[in-house]
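>>> just need the structure, nothing else, for what follows:
(4 chains)
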2 protein chains.
Amino acid sequence: MTRTAHPTDVFNAIAEPRRREVITVLSDGQEYAVNEIVLRMKVGQPAVSKHLGALRKAGVVTVVKRGQHRMYRLNPASLKSVYDWVKVYEWYWTHQLGQIKERAERKALERLIRLDDGSKPTKEE
Amino acid sequence: MTRTAHPTDVFNAIAEPRRREVITVLSDGQEYAVNEIVLRMKVGQPAVSKHLGALRKAGVVTVVKRGQHRMYRLNPASLKSVYDWVKVYEWYWTHQLGQIKERAERKALERLIRLDDGSKPTKEE
DNA sequence: TTGACATATTCCTTATTAGGAATATATTTG
DNA sequence: CAAATATATTCCTAATAAGGAATATGTCAA
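This next block holds a predicted model:
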């Protein structure tokens, strides 16, 4: 089995460096034609179109037809789920977590003793 | 060619749902043995070990030997790069971006006219 | 030392993916 | 209509990845 992530997963969409590059191009909130994005990147037009397709499926960009062009625009709200997920951990690097360490080790030891006794792990306090 | 992302890329590390699951298990800042993580997940021990290996290579977790066990701990600072990257877009969903739309479309149109004329795209103001 | 246990690693199969080349499909313009 | 342009899609190849089974490695306990 391979990557379990659904292709529409935003986390998966932004895992590709080139796709983050596309997002950066769109990051000023303006519309861009595929053309223009290709000019700003080092990969060919088909590759860019494919990345845009992946981003669109994940809801990261939207597209409208305008004449001959397809205008892509960033949908920043789609990135909120990533922000919300990672924001949880912000606390840990803005505060010291050294004090926690000893206590964490003690608790880990207690859990392992319970496991070695064959009991089920109990809910953490 | 496949995924260009280096395996040590944090974005790639968190793209896997099971790896985010592991991170969630470790999110209380305590140490966990592989054993315990397996108990809390639906995949087998080898799979968990592999995911832990990927997370370790990306610097998302650290490991210390403690007797028979390998104790894994979250390294939250590693997630700061993701936070910093996505934080840039927070502004867009906390504020209205409707006003921007018309202006953005006008600017996009101007760019396209320049492109169709054969001129190179100029730096945005 | 032997046996039990914890973890990592190897092997295998299946599935996905990136990107280029070639091509198809619109759309505009003359 | 024909030519040019913009974009998407198909086909191909090479690479990567996930997870299970089996196995190797290390550590503890009797």
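>>> in chain A, where is pLDDT below threshold?
Under the criterion pLDDT under 70, the flagged ranges of chain A are A:1-4, A:7, A:96-109, A:112-125.
>>> which residues in it form strands?
Per DSSP state E, chain A carries strands over the ranges A:32-33, A:61-66, A:69-74.
>>> deepest-packed of those strands, please.
strand A:32-33 (a mean of 23; mean count of other Cβ atoms under 10 Å in any protein chain shown). Where you see a C-beta, it was placed from the backbone N, CA and C, and this is true even at glycine.
>>> and that strand, does that touch DNA strand C?
No. Applying Cβ under 7 Å from any atom of the strand, one finds strand A:32-33 separated from DNA strand C by no less than 12.2 Å.
>>> pairing partners for that strand, with directions?
strand A:69-74 (antiparallel) (DSSP bridges).
>>> give me the contact status of the strand it pairs with with DNA strand C.
No. On the criterion Cβ under 7 Å from any atom of the strand, strand A:69-74 is out of touch with DNA strand C, staying 8.4 Å away.
>>> what's that strand in contact with?
Residues outside strand A:69-74 that contact it (Cβ atoms under 8 Å, 6 or more residues apart in numbering or on different chains): A:23, A:26-27, A:29-35, A:37, A:52, A:56, A:60-65, B:89, B:92, B:104-105, B:108, B:112.
>>> need the strands of chain A in TSV with distance to residue B:83, can you?
Converted to TSV, those look like this (distance: least, Cβ to Cβ, whole Å):
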stretch	distance to residue B:83
strand A:32-33	26
strand A:61-66	22
strand A:69-74	19
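>>> ok, the closest residue to residue A:56 other than its chain neighbours to residue B:23 distance?
Spatial nearest neighbour of residue A:56, excluding adjacent residues (Cβ to Cβ, 6 or more residues apart in numbering or on different chains): residue A:63 at 6.0 Å. Computed as Cβ to Cβ, to the nearest Å, the residue A:63 to residue B:23 distance reads 33 Å.
>>> just the buried ones among the contacts of strand A:69-74, please.
A:23, A:26, A:29-35, A:37, A:52, A:56, A:60-61, A:63, B:89, B:92, B:104-105, B:108, B:112 (16 or more other Cβ atoms under 10 Å in any protein chain shown).
>>> who's in contact with residue A:41?
A:18, A:21-22, A:25, A:48.
>>> out of these, name the two that are farthest from one another.
Taking every pair in the contacts of residue A:41 and measuring Cβ to Cβ, the maximum separation is 10.7 Å, between A:18 and A:25.
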